[in-house]
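Participant: Fold the stuff below for me.
(2 chains)
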There are 2 protein chains.
Amino acid sequence: MIDVPTLVEQARQGRPRAVARLISLVENAAPELREVMAALAPHTGHAYTVGLTGSPGVGKSTSTSALVSAYRRLGKRVGVLAVDPSSPFSGGALLGDRVRMQDHATDPEVFIRSMATRGHLGGLSWAAPQALRVLDAAGCDVILVETVGVGQSEVEIAAQADTTVVLLAPGMGDGIQAAKAGILEIGDLFVVNKADRDGADATARELNHMLGLGEARGAGDWRPPIVKTVAARGEGVDEVVEALEKHRAWLDEHGELAVRRARRAAEEIEAIALAALRARIGDLHGDRQLAALAERVVAGELDPYGAADRLVAGLTTL
Amino acid sequence: MIDVPTLVEQARQGRPRAVARLISLVENAAPELREVMAALAPHTGHAYTVGLTGSPGVGKSTSTSALVSAYRRLGKRVGVLAVDPSSPFSGGALLGDRVRMQDHATDPEVFIRSMATRGHLGGLSWAAPQALRVLDAAGCDVILVETVGVGQSEVEIAAQADTTVVLLAPGMGDGIQAAKAGILEIGDLFVVNKADRDGADATARELNHMLGLGEARGAGDWRPPIVKTVAARGEGVDEVVEALEKHRAWLDEHGELAVRRARRAAEEIEAIALAALRARIGDLHGDRQLAALAERVVAGELDPYGAADRLVAGLTTL
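Facilitator: Numbering: from 1, shown residues only, chains lettered A, B, ... in the order given. Alright, predicted model coming up:
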């Protein structure tokens, strides 16, 4: 039996084990989640969330760690969520090198958590925002959401933040890769890491060019800045923080922060509602009705739309 | 105004333009789809569907073309559906080299179609099975579903067939790639193409070893065979057809064909029902209610589960 009110109270006090436990409940989609979310709700809305994405090898983990240090110097409480939307087949988590993060392992003002969101329905839409709520309620001022890889799922998670940072590195043909993966569109801020290597300027130029190719921006529009860093030596990291703060101020001024958060919340609500309806289809009608309808479709007696109509009709007249 | 009954009748007669037009309706999620599917239903269930997947460079397109030739020699009417679940961001289709397919372009007993399923909800679950229904009703005996790439979406599409073929080629580290992408689990038949190259035996051995690592099989269980081919020269292709026919017979004998088809139909019905419910959430409640709930969640007045409850309650009592 999990004592949710106590756990939430301890998490609010910033006790790491309670925070970790609550995120595990999220990760495992525990039945207590509903109670947890209700208890957390009044204590959320404070944290500023930053999504980080980029190809393997650009130095995401190192950059995240350097950002943690920079925010700690400003006296902020920092949360780090490393999300791995792993294959629905293997079920395994292939988390990247988290060694760098150990610099912060003993800092009581830093919460670091890796999370595998697996393949269950709504996993993407639920797990990350729910874990963010836990860290938010735990008093984090800033939460960095780092994703492993740059697949579609990773990009979606990184885009579920107040500000999204896209990392690149010289000589990886990243510009083209970024365009392919659709991450140019989601970047509020671009970081060219490993800027001490050959080709950093070329990467920045190429990126600048590609960003310029997008649709024309209005006077009040945000133009994503490009910052060069050598994260392993901490170079340029304060400039990244500065650019983040500028973007946050811009979001605030233009009412964009409220818009983005409301949009994320709406997506989350809709995903939960649909999952509830899906469960209801399964529970109330039993797999039998669906199976019977499926057999009639296979036999050509019924088309899938007609079958779906019957499922929905039964559901909404109950 | 689209004359659906006439179009369906022409497709049943095997007229290529009508078939192409119907698949375009599927691809564009046209409003007439419901009518199309209802008209097609009585004429479906005849075709045997084969999914083909594998990394770029293994010779999927060449193998598909060789299989078409082999089935044509047996006097079968053949459909080919090349599916590209493209990025939701770019919206573009990156279809592979379809040049080989032009060998069959003038054969009235072969229907070839490339389809981009884009990123819309239910696209994966709907588009491919619906296009299969069109080709099925058009009298195809065999339909080959070839996917571009080996991402999660591609694997899901390839697995939506009666028989799923996984292609590999020597010297690509494919064994490990296959295991990572989870395609070992979905393969009913493995083809090591480009078997005239160095390492073909090693690839087959590695694959055989990895398949052996899976759970123990019962006496009546299907053990996926491994066939070596040089598709570009047509070598081994008759053996692939033979293995496909064996698997089909096994599916029939064990009642697996009906089970697989019913499962696919159930997934399709559920996806359509959920999309209908989602549309109803949008239509009946208007974006306003969802937006109002989202704002309350952002403000911490309500948790996402509570908000979802209100959405669902409103929906099911209407």
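
Participant: Please count neighbours and contacts with C-alpha atoms only from this point.
Facilitator: Will do.

Participant: mind listing what A:Ala276 touches?
Facilitator: B:Val312 (Cα atoms under 8 Å, 6 or more residues apart in numbering or on different chains).

Participant: And the pLDDT for it?
Facilitator: Looking at A:Ala276, its pLDDT is 78.

Participant: Assign it to helix, strand or coil.
Facilitator: helix (DSSP: H, G, I helix; E, B strand; the rest coil).

Participant: same deal with A:Val165?
Facilitator: Here A:Val165 is recorded as strand under three-state DSSP.

Participant: residue ranges with poor pLDDT in chain A?
Facilitator: Scanning chain A with the threshold set as pLDDT under 70 gives A:84-102, A:116-125, A:148-153, A:173-182, A:213-219, A:282-287, A:315-318.

Participant: go with 50
Facilitator: Regions of chain A meeting the criterion pLDDT under 50 cover residues A:87-98, A:119-123, A:318.

Participant: Which parts of it belong to which domain?
Facilitator: Domains of chain A are assigned by automatic domain parsing as A:45-254, A:269-316.

Participant: First-to-last residue distance for the first one?
Facilitator: Looking at domain A:45-254, the gap from its leading to its trailing residue is 18 Å under the measure Cα to Cα, to the nearest Å.

Participant: Would it be right to say that A:Pro171 lies in a strand?
Facilitator: Residue A:171: Gly, not Pro. No: with three-state DSSP as the criterion, A:Gly171 is located in coil rather than a strand.

Participant: and of the domains of chain A, who's closest to B:Val312?
Facilitator: domain A:269-316 (6.0 Å; Cα to Cα).

Participant: how distant is the closest one from the center of its chain?
Facilitator: When distances are taken as Cα atoms, centre = their mean, to the nearest Å, domain A:269-316 is centred 31 Å away from the chain's centroid.

Participant: Run through the residues that contact A:Leu290.
Facilitator: A:311, B:266, B:269.

Participant: between the host helix or strand of the second one and helix A:256-298, how many degrees?
Facilitator: Spelled out, that is B:Ala266. Per DSSP states H and E, B:Ala266 falls inside helix B:256-298. In terms of direction (axes from the mean of the first three to the mean of the last three Cα atoms, to 10 degrees), helix B:256-298 departs from helix A:256-298 by 160 degrees.

Participant: Please report the distance of the residue lying closest to A:Gly14 once chain neighbours are set aside from A:Val8.
Facilitator: Leaving aside its sequence neighbours, A:Gly14 sits nearest to A:Ala138 (Cα to Cα, 6 or more residues apart in numbering or on different chains; 5.1 Å). Per Cα to Cα, A:Ala138 is found 9 Å from A:Val8.

Participant: ok, now A:Ser55?
Facilitator: From A:Ser55 to A:Val8 the distance is 36 Å (Cα to Cα).

Participant: ok, those two, which is more surrounded?
Facilitator: A:Val8 (24 against 21; other Cα atoms under 10 Å in any protein chain shown).

Participant: That one contacts A:Ala38, correct?
Facilitator: No: the pair A:Val8 and A:Ala38 does not pass the contact test of Cα atoms under 8 Å, sitting 10.2 Å apart.

Participant: Run through the helices of chain A in chain order.
Facilitator: A:4-12, A:16-27, A:33-40, A:60-73, A:123-137, A:152-159, A:174-181, A:200-212, A:237-253, A:256-298, A:304-316 (DSSP state H).

Participant: and the first one, which residues are buried?
Facilitator: Within helix A:4-12, the residues that qualify as buried are A:4, A:7-12, counting by 16 or more other Cα atoms under 10 Å in any protein chain shown.

Participant: Now A:Gln13: closest residue in space, sequence neighbours ignored.
Facilitator: Closest to A:Gln13 by Cα to Cα, 6+ apart is A:Ala138, at 6.6 Å.

Participant: Check whether that neighbour really touches A:Glu9, as I assumed.
Facilitator: No: A:Ala138 is not in contact with A:Glu9 according to Cα under 8 Å; the separation is 9.0 Å.

Participant: measure A:Gly57 to A:Asp196 for me?
Facilitator: 15 Å.

Participant: about what we covered before: among the helices of chain A, which is the most enclosed?
Facilitator: helix A:123-137 (a mean of 23; mean count of other Cα atoms under 10 Å in any protein chain shown).

Participant: so it versus helix A:4-12, what angle?
Facilitator: 70 degrees.

Participant: What sits closest to A:Pro225 if chain neighbours are left out?
Facilitator: A:Leu189 is the one closest to A:Pro225 (Cα to Cα, 6+ apart), at 5.3 Å.

Participant: So what's the residue count around the one you found?
Facilitator: A:Leu189, neighbours per other Cα under 10 Å, totals 22.

Participant: Tell me which residues touch it, please.
Facilitator: Counted by Cα under 8 Å, 6+ apart, A:Leu189 has contacts A:163-166, A:224-227, A:243-244.

Participant: Near the nearest residue in space to A:Val68 that is not next to it in sequence, how many other residues are there?
Facilitator: Closest residue to A:Val68 apart from its sequence neighbours, by Cα to Cα, 6+ apart: A:Val78 at 6.6 Å. Using other Cα under 10 Å, A:Val78 has 28 neighbouring residues.

Participant: Quick check: A:Val78 touching A:Glu109?
Facilitator: Yes: assessed by Cα under 8 Å, A:Val78 is found in contact with A:Glu109 at 6.4 Å.

Participant: rewinding a little: and the residue nearest to A:Pro225, bridged to which residues?
Facilitator: Here A:Leu189 sits in beta bridges with A:Val165, as judged by DSSP bridges.

Participant: how close does it get to A:Glu206?
Facilitator: 15 Å.

Participant: Same check on A:Gly234?
Facilitator: A:Gly234 is 24 Å from A:Glu206, by Cα to Cα.

Participant: Over to A:Glu146?
Facilitator: 24 Å.

Participant: And for A:Ala30?
Facilitator: Counting by Cα to Cα, the gap from A:Ala30 to A:Glu206 is 46 Å.

Participant: can you check A:Arg113 too?
Facilitator: 34 Å.

Participant: and if you look at A:Lys194?
Facilitator: For A:Lys194 relative to A:Glu206 (Cα to Cα), the value is 16 Å.

Participant: try A:Asp303
Facilitator: 51 Å.

Participant: do A:Ala138 as well
Facilitator: 41 Å.

Participant: One more: A:Tyr305?
Facilitator: For A:Tyr305, the distance to A:Glu206 - Cα to Cα - is 48 Å.

Participant: now A:Val142
Facilitator: Distance from A:Val142 to A:Glu206, by Cα to Cα: 30 Å.

Participant: Spit out the contact partners of A:His247.
Facilitator: A:163, A:188, A:222.

Participant: for A:Arg72, that is, sorry about that
Facilitator: Here A:Arg72 is in contact with A:Val78 (criterion: Cα under 8 Å, 6+ apart).

Participant: got the phi/psi numbers for the residue nearest to A:Gln13?
Facilitator: For A:Ala138, the backbone dihedrals are phi -80, psi 10 (criterion: degrees, to the nearest 10).

Participant: how many other residues sit next to it?
Facilitator: Residues near A:Ala138, counting by other Cα under 10 Å: 29.

Participant: that older thread, kindly calculate the angle that the helix holding B:Ala266 makes with helix B:304-316.
Facilitator: Going by the same axes, to 10 degrees, helix B:256-298 makes 110 degrees with helix B:304-316.
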